[in-house]
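**Q** What follows is a predicted structure for the sequence shown.
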Amino acid sequence: MSVAFVKEESAEAASETLLPDRPISPHPNLVTEAGLKALERQVLEARAAYDAASGIEDVNERRRQTATPLRDLRYFSERVRSAQLIPAPASTETVAFGSTVTFSRDDGRVQTYRIVGEDEADPKAGSISYVSPVARLLVGKGVGDVVSMGGQELEITAIA
């Protein structure tokens, strides 16, 4: 085997292990209690994946297999470190971080979302980030209030 081939293989393996860090949002890292627990769980999962991959004997394969868990571990550790736990809203008078808000659209659709932190937002599962355009419009409003977005009006029908 030529030395050039070995060096090329090592260079290729090294480039695969230099994954860019996951971007960190410039917004405050507001989290619900469930969001903080999820971040802590993701730190543990990333650490376990890293530890499992660290046992691989082949150095190039070990580098490849530890790259993603190591990147995730850095990201989730930073998100836990910077997390600002926000207590559940004390009132359902106005929409706030942690509120579940139901609104109707001009086209007749009725949607319900919980306003949460960026890392726990999952619109398909009924949660949106507090920095999303819809959440920004709704925070501070009450039942019966109407906001405009993208040529449509959204009327708040319930807050929980």
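**A** Structure's in. What do you need?
**Q** the helices in this structure, which residues?
**A** With DSSP state H as the criterion, the chain has helices at 3-17, 33-54, 59-82, 133-138.
**Q** Those: which one's closest to residue 122?
**A** Taking Cβ to Cβ, helix 33-54 is the member of the helices of the chain nearest to residue 122, at 10.5 Å. All C-beta atoms are positioned from the backbone trio N, CA, C, and that covers glycine.
**Q** other SSEs contacting the closest one?
**A** Applying 3 or more Cβ pairs under 8 Å, 6 or more residues apart in numbering; DSSP states H and E, one finds that helix 33-54 contacts helix 59-82.
**Q** Who are the packing partners of the helix it packs on?
**A** Helices and strands touching helix 59-82, as assessed by 3+ Cβ pairs under 8 Å, 6+ apart, comprise helix 3-17, helix 33-54.
**Q** With mean pLDDT, mean neighbour count and distance to residue 150 added, can I get the helices of the chain in TSV?
**A** Shown next, in TSV, are these (pLDDT from 0 to 100; neighbours: other Cβ atoms under 10 Å; distance: least, Cβ to Cβ, whole Å):
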stretch	mean pLDDT	mean neighbour count	distance to residue 150
helix 3-17	52	11	41
helix 33-54	97	16	27
helix 59-82	96	17	30
helix 133-138	97	18	8
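**Q** Need the pLDDT of the most centrally placed residue in the chain.
**A** Centroid check for the chain by Cα atoms, centre = their mean gives residue 119 as the closest residue, at 1.8 Å. With respect to pLDDT, residue 119 has a value of 97.
**Q** Go through the helices of the chain and name the closest to residue 111.
**A** Taking these one by one with Cβ to Cβ, helix 133-138 is closest: 8.7 Å.
**Q** and that closest one, how far out from the chain's middle?
**A** 17 Å (Cα atoms, centre = their mean, to the nearest Å).
**Q** Mind listing residues that contact that helix?
**A** 95, 101, 103, 113, 115, 128, 129, 130, 147, 149, 154, 156 (Cβ atoms under 8 Å, 6 or more residues apart in numbering).
**Q** Now, those that are in strands?
**A** When DSSP state E defines the strands, the subset of the contacts of helix 133-138 inside them is 101, 103, 113, 115, 128, 129, 147, 149, 154, 156.
**Q** could I get those as TSV with pLDDT?
**A** Formatted as TSV, the ones in strands among the contacts of helix 133-138 follow (pLDDT from 0 to 100):
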residue	pLDDT
101	98
103	98
113	98
115	98
128	98
129	98
147	96
149	92
154	96
156	98
